[in-house]
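1. what follows is a predicted structure for the sequence shown.
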Amino acid sequence: MTFQSNQIPLYVVRLYDGFDGVWVDVSKAVTKAEAEAILAKETGNGTHHTSYANIDYYKIFPANTRMLYNSADLEG
């Protein structure tokens, strides 16, 4: 991740939509602590929707991560 030393790194929580095979942002760019709180809320503190086996699941990514294929690619 690229950031200047005086900047706080930002993260985004994304949902993998297993039906469409795309990542969807479910948060804006937030701090790591905020992203972890969102992830905990969406996954029942890590009890569900945490892995590919769940079809739809959530993960935290650095905010500047561009997915190779995402929901923006579906807009036409």
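-> Arrived safely, thanks for sending.

2. and the least confident helix or strand in the chain by mean pLDDT, what does it pack onto?
-> Lowest mean confidence among the helices and strands of the chain (mean pLDDT, DSSP states H and E): strand 22-25, at a mean of 92. Helices and strands touching strand 22-25, by 3 or more Cβ pairs under 8 Å, 6 or more residues apart in numbering; DSSP states H and E, are strand 11-17. Every residue, glycine included, has its C-beta placed from N, CA and C.

3. give me the distance from the strand it packs on to the chain's centre.
-> Distance of strand 11-17 from the chain centroid (Cα atoms, centre = their mean, to the nearest Å) equals 2 Å.

4. what's the answer for stretch 58-69, then?
-> 6 Å.

5. near residue 14, how many other residues are there?
-> 22 (other Cβ atoms under 10 Å).

6. got a pLDDT number for it?
-> Note on residue 14: pLDDT of 97.

7. cool, residue 6 as well?
-> Reported pLDDT at residue 6 in the predicted model: 72.

8. cool, residue 69 as well?
-> pLDDT, read off for residue 69, is 64.

9. now swap in residue 75 and tell me
-> At residue 75, pLDDT is 61.

10. pLDDT score for residue 66?
-> pLDDT, read off for residue 66, is 87.

11. number of nearby residues for it?
-> Neighbours of residue 66 (other Cβ under 10 Å): 8.

12. with that, I have no additional questions.
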